[in-house]
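Asker: Next comes the sequence, and after it the predicted model I'd like to discuss.
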Amino acid sequence: MRQHKLSAHQRMAVLDAWKAGDSTLALCKTHGISRATLYLWKQTYTGMSAEAIQRWDALAREHAVLRRQMLREQADRMLLQAVLQALELTVEQKRAMVLWARTMRLSSVSRACQLLRLSRSQFSFDAANDPHAQSKLFCAHADFSPL
């Protein structure tokens, strides 16, 4: 088998020769391709010009690169989330990390909270201004339990 790919013009020439009546076996042997490849080319490239095939190939390469990058980013995210879970950060520490990410303009508050598995309400909660939290503190210190 060939170790390199045929150019778009060569693929078009093979398909044109096949349409002209050359045998499948002869074309495959001459160009060093399999019959499956020839049928795949026919299915994919029928009706395309050589320039369209080149553009198709460029888009396929770009798609493959972007797919690999996306998979790498997903793996990185999973790793970082596992590390964050293993650290067992407190809500205050997570809140500080969200604020840091926001000040560094790395992420929005919503996205940072999502990555740290911190709800927006936990992020926004201010215990100093919460009347329920203050009454709980008072009850705890006075050994008093409300009804």
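Answerer: All right, it came through fine.

Asker: Assign a three-state SS to residue 117, would you?
Answerer: Here residue 117 is recorded as coil under DSSP: H, G, I helix; E, B strand; the rest coil.

Asker: how much space is there between it and residue 81?
Answerer: Using C-beta to C-beta, to the nearest Å, residue 117 is found at 8 Å from residue 81. Where you see a C-beta, it was placed from the backbone N, CA and C, and this is true even at glycine.

Asker: Longest helix in this structure, by number of residues?
Answerer: When the chain is parsed with DSSP state H, its longest helix is helix 50-87.

Asker: Which residue is the nearest non-sequential neighbour of residue 8?
Answerer: residue 53 (3.9 Å; C-beta to C-beta, 6 or more residues apart in numbering).

Asker: Check which residues of the following helix or strand past the longest helix of the chain are buried.
Answerer: Next helix or strand after helix 50-87 toward the C-terminus (DSSP states H and E): helix 91-103. By neighbour count on 16 or more other C-beta atoms under 10 Å, the buried set for helix 91-103 is 94, 95, 97, 98, 101.

Asker: What's the local residue count around the nearest residue to residue 80 once chain neighbours are set aside?
Answerer: Sequence neighbours aside, residue 115 is the residue nearest to residue 80 in space, at 7.7 Å (criterion: C-beta to C-beta, 6+ apart). By other C-beta atoms under 10 Å, 17 other residues sit near residue 115.
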